[in-house]
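Pasting the sequence and the predicted model now:
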Number of protein chains: 4
Amino acid sequence: MGRPRDARADAAILDAALDLIAEHGVEALRVDDVAERAGVGKATIYRRYRSRDQLLIAAIAAQVGEIAIPNTGSTEADLLALMSDAVTVYGRPPAAQAMPALVAAMNRDPALARATREGFLASRRAALREVVARGIDRGDLRPDLDVELALDALGGPLFYRLLVTGGPIDMNLARGVVDLLLRGFARDKRRRRAAT
Amino acid sequence: MGRPRDARADAAILDAALDLIAEHGVEALRVDDVAERAGVGKATIYRRYRSRDQLLIAAIAAQVGEIAIPNTGSTEADLLALMSDAVTVYGRPPAAQAMPALVAAMNRDPALARATREGFLASRRAALREVVARGIDRGDLRPDLDVELALDALGGPLFYRLLVTGGPIDMNLARGVVDLLLRGFARDKRRRRAAT
Amino acid sequence: MGRPRDARADAAILDAALDLIAEHGVEALRVDDVAERAGVGKATIYRRYRSRDQLLIAAIAAQVGEIAIPNTGSTEADLLALMSDAVTVYGRPPAAQAMPALVAAMNRDPALARATREGFLASRRAALREVVARGIDRGDLRPDLDVELALDALGGPLFYRLLVTGGPIDMNLARGVVDLLLRGFARDKRRRRAAT
Amino acid sequence: MGRPRDARADAAILDAALDLIAEHGVEALRVDDVAERAGVGKATIYRRYRSRDQLLIAAIAAQVGEIAIPNTGSTEADLLALMSDAVTVYGRPPAAQAMPALVAAMNRDPALARATREGFLASRRAALREVVARGIDRGDLRPDLDVELALDALGGPLFYRLLVTGGPIDMNLARGVVDLLLRGFARDKRRRRAAT
DNA sequence: TAATAACCGAGACGGTACGTCTCGTCTTAGG
DNA sequence: CCTAAGACGAGACGTACCGTCTCGGTTATTA
């Protein structure tokens, strides 16, 4: 029982956090600043999030949002739509800026890792999975392909550039991985000679 | 001139850092702890490394080591050798454990990002680049492929799993990406109809 | 009008406060703890006491209680009775333990200071004043003595020991101050040569 | 070994604390404020004082200082000199303001109580003790008097007024207690009839 | 009998200070 | 000039406690 949580505080906290992240970057996010900007006591934040990191991922998750599953009839077009969206989201702040810190936080805290994956990575991954499945049904992709590998082949290069190499995250990348996937996992009557 | 650096201190610092990383994880690595464990003053550490993060990457780099460029005559075998080595190194601690923190640190500090990339990512990437180039020469790969994309398609899924999805880093992954690359970037007389 | 205050809550609050003071000391008295121990909401406490400090002095006052004015016919006996009672009350917990905190609280809050003085110090002081007045009437004390000074000379040493020196608060003290007062303020025909 | 404590920091901290106490009172002394005003990190304060309270008493002790033992040849004059000094010190800020908080802090922490008593109460008490002893030698005071009681009879009323009653702390008080002591503990051939 | 008003326990709220922690620098004495 | 030891300035963290407010619900008095 007791006084219920104030939903306005929930929103104020997330808004303040996102503003501050946008202004000064992820690393510079201070709990005290969030409290002040939100017009909220620190305890009110810590009642909702166990730590600064938890607040951080909640803020990012709120920003990334959900994704609709495209269905144009063309496997290539669907994949491109999803990759194009991913390139847009992760190609610039705040998501681009937030991911490295998030990755580190996930490593520190397995519970947070699970929450992050389920929270805002899963929906995009599920969308890709659906499109790949339809590609198989449609005959565009080999029915025996390793779906997890396919998904990682699509998303991996993007995150690799984002987190590690600093390479460009743009439509060329999106087109490149889609093209690679469609060729590499194409249905193929004449089986390629295996590496004998 | 004056007294030369003590080589024993160099070793003691790295050993202590690696021990502590192994025991408590990368995030819990404190400079004071390293100093105490190594029986060394903090200044002795900071004379060698500009920051905690620099010490961290040095410790990891010491663990990862260099890589030789394989040359078996088979593009597939060469790629597989490199990927197999990568799977071994990043598939288990300490590198597996260290990468997320390193990624975050790279984001914080561009100089460190450069150092990391040049320090111990570059040699693997250069090896891959060489093997891919030979694959083109040999006619196993299309001459007009986007080399950067090819490298990211090889390394990306591995790091994606390591940093983000938590997926398995094993020989299936290595074989999968190599196979995907060889098929997807295969030299092909009958050009696939582009996405018109 | 409306629902009347619950008398059980009054008692539960004071009991809980006294228990907690006895267990952990005055400084460690937390309003939340009192509320929980009393099975009462915090608002119910704050409806009765303006602040933690007010609750505190109420609890102490409830413990100290009132004092009757003795009248044995002997000034010395009457003074001794009052001092003996004071020694009993302030010589041991909870009053002994509570006074220092009370003193600090009085300093913080003048209103509380007034309340404390009028609440449970005044009755003892009034009793002493009455006995001293009778002593003057009776010819045991000089009629021109400074009554306030006399009262402070009786009570001062006790509180001094209680609050500052930590000296013993016992019957020797009671007898000592009474004796000092009777001699020092005795009616005296042959006036002592003043400090010329 | 290692770097020694910086004596300038010691001074800067105490100075800052005293300034702030003078400006805003004892209760309003914040550790962060002291640190900022002193140009010092908080850790540097906490390395010297276990808590805010410890810092507080150190600051007060630094202010109260030592006292010389007067020796005019007259017991009354010597006592008056000491009491007059006490009235001056405790009659106005900062000591007047600080004592209540100090008393409460002493109650919280026995070690601090000891430190306080030995630190800046002991020297005044020792001076009084010496003067009383000379008064006995000189024949002004009874040789069998309870010295502790005599000291408490001198100091008690002052602290009682300061801490409890809020009564005036002035020369009348000083003269009153000295006079009371000299009369009440006077050497007296004709013993007063005890309260038989 | 219904409405009203003040009460009740529970617990969230804004605010504020605390004491801890870690970083990277600086200062000793000594080799 | 290096070394070990450890103090230093800076500044964020998470906790604790205060006194207030907001729930849903209860209990008397008033209409």
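Everything's here; your move. Numbering: from 1, shown residues only, chains lettered A, B, ... in the order given.

For residue A:52, give me its contacts.
Each residue near residue A:52 by Cβ atoms under 8 Å, 6 or more residues apart in numbering or on different chains is listed here: A:29, A:31. The C-beta positions use only the backbone N, C-alpha and C, and glycine is treated the same way.

at 10 Å what do you get?
Contact analysis of residue A:52 by Cβ atoms under 10 Å, 6 or more residues apart in numbering or on different chains lists A:17, A:29, A:30, A:31, A:34, A:45, A:46, A:105.

So among those residues, where is pLDDT lowest?
Across the set of the contacts of residue A:52, residue A:105 stands lowest in pLDDT, at 70.

number of nearby residues for the nearest residue to that residue once chain neighbours are set aside?
The shortest distance from residue A:105 to any non-neighbouring residue, by Cβ to Cβ, 6 or more residues apart in numbering or on different chains, is to residue A:53 (4.2 Å). Neighbour count for residue A:53, taken as other Cβ atoms under 10 Å in any protein chain shown: 18.

Chain B versus residue A:53, what's the distance?
Distance of residue A:53 to chain B, given as Cβ to the nearest Cβ, to the nearest Å: 10 Å.

Confirm for me that that residue is in contact with residue A:106.
Yes. Look at residue A:53 against residue A:106 with Cβ atoms under 10 Å: they come within range, at 9.0 Å.

In chain A, what residue lies closest to DNA strand E?
Nearest residue of chain A to DNA strand E (Cβ to the nearest atom of the strand) works out as residue A:2 at 2.0 Å.

Next, count neighbours for that residue.
Residue A:2, neighbours per other Cβ under 10 Å, totals 5.

Equivalent analysis for residue A:9, please.
Neighbours around residue A:9, by other Cβ under 10 Å: 17.

check which helix or strand covers it.
Assessed by DSSP states H and E, residue A:9 sits inside helix A:7-24.

Is there proximity between that helix and DNA strand E?
Yes. For helix A:7-24 and DNA strand E, the contact criterion (Cβ under 7 Å from any atom of the strand) is met by A:9, A:12.

Surely residue A:149 and residue B:167 touch.
Yes. With contact defined as Cβ under 10 Å, residue A:149 reaches residue B:167; the gap is 9.0 Å.

Need the overlap of contacts for these two.
Residues touching both residue A:149 and residue B:167 (Cβ under 10 Å, 6+ apart): A:156, B:157, B:161, B:173.

who's in contact with the third one?
I take that to be residue B:161. Applying Cβ under 10 Å, 6+ apart, we find residue B:161 in contact with A:148-149, A:152, A:155-156, A:159, B:90-91, B:167-170, B:173.

Take those residues and keep only those in helices.
Per DSSP state H, helices hold the following members of these: A:148, A:149, A:152, A:155, A:156, A:159, B:90, B:173.

Now do the contacts for the fourth one.
To tie it back to what came earlier, the one meant is residue A:155. Per Cβ under 10 Å, 6+ apart, neighbours of residue A:155: A:82-83, A:86, A:90, A:121, A:124-125, A:128, A:177, B:156-157, B:160-161, B:164-165.

For chain A, what lies in contact range of DNA strand F?
By Cβ under 7 Å from any atom of the strand, the residues of chain A that approach DNA strand F are A:1-4, A:29-32, A:41-43, A:46, A:51-53.

could you redo the last one with a cut-off of 10 Å?
Within chain A, the positions near DNA strand F by Cβ under 10 Å from any atom of the strand are A:1-4, A:6-8, A:27-35, A:41-47, A:49-56.

For ChimeraX, write the select line for the buried members of these.
The buried residues among the residues of chain A next to DNA strand F can be selected in ChimeraX (16 or more other Cβ atoms under 10 Å in any protein chain shown) with this line:
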select /A:29,31,33,34,35,44,45,49,53,54,55,56
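
Which one of the ones in helices among the contacts of residue B:161 sits in the busiest neighbourhood?
Of all the ones in helices among the contacts of residue B:161, residue A:156 has the most neighbours under the rule other Cβ under 10 Å, reaching 29 neighbours.

where does residue A:20 sit relative to chain B, distance-wise?
Noted for residue A:20: a distance of 17 Å to chain B, by Cβ to the nearest Cβ.

any chance you could map the strands in chain A?
Remark: no strands are assigned in chain A by DSSP state E.

okay, which residue is most central for it?
Nearest to the geometric centre of chain A sits residue A:121, at 4.2 Å (Cα atoms, centre = their mean).

mind listing what the residue lying closest to that residue once chain neighbours are set aside touches?
Using Cβ to Cβ, 6+ apart and skipping residues adjacent in sequence, the residue nearest residue A:121 is residue B:164, 6.8 Å away. The contact partners of residue B:164, by Cβ under 10 Å, 6+ apart, come to A:99, A:102-103, A:106, A:113, A:116-117, A:121, A:125, A:152, A:155-156, A:159-160, A:162-163, B:100.

ditto for residue A:29
By Cβ under 10 Å, 6+ apart, the contact set of residue A:29 is A:16-18, A:20-21, A:23, A:52-53, A:55-56, A:59, A:98, A:101.

where are the low-confidence patches of chain A?
Residue ranges of chain A with pLDDT under 70: A:64-65, A:94, A:108-109, A:111-112, A:115, A:119, A:188-196.

Residue of it nearest DNA strand F, please.
residue A:3 (3.1 Å).

tally of neighbours for residue A:39?
Applying other Cβ under 10 Å, we find 12 residues neighbouring residue A:39.

Hmm, residue A:160 is touching residue B:117, no?
No. Using Cβ under 10 Å, residue A:160 is not in contact with residue B:117, being 11.9 Å away.

tally of neighbours for the closest residue to residue A:124 other than its chain neighbours?
Leaving aside its sequence neighbours, residue A:124 sits nearest to residue A:67 (Cβ to Cβ, 6+ apart; 5.2 Å). Neighbour count of residue A:67, defined by other Cβ under 10 Å: 18.

what's near enough to touch residue A:67?
Counted by Cβ under 10 Å, 6+ apart, residue A:67 has contacts A:81, A:82, A:85, A:86, A:89, A:120, A:123, A:124, A:125, A:126, A:127, A:128.
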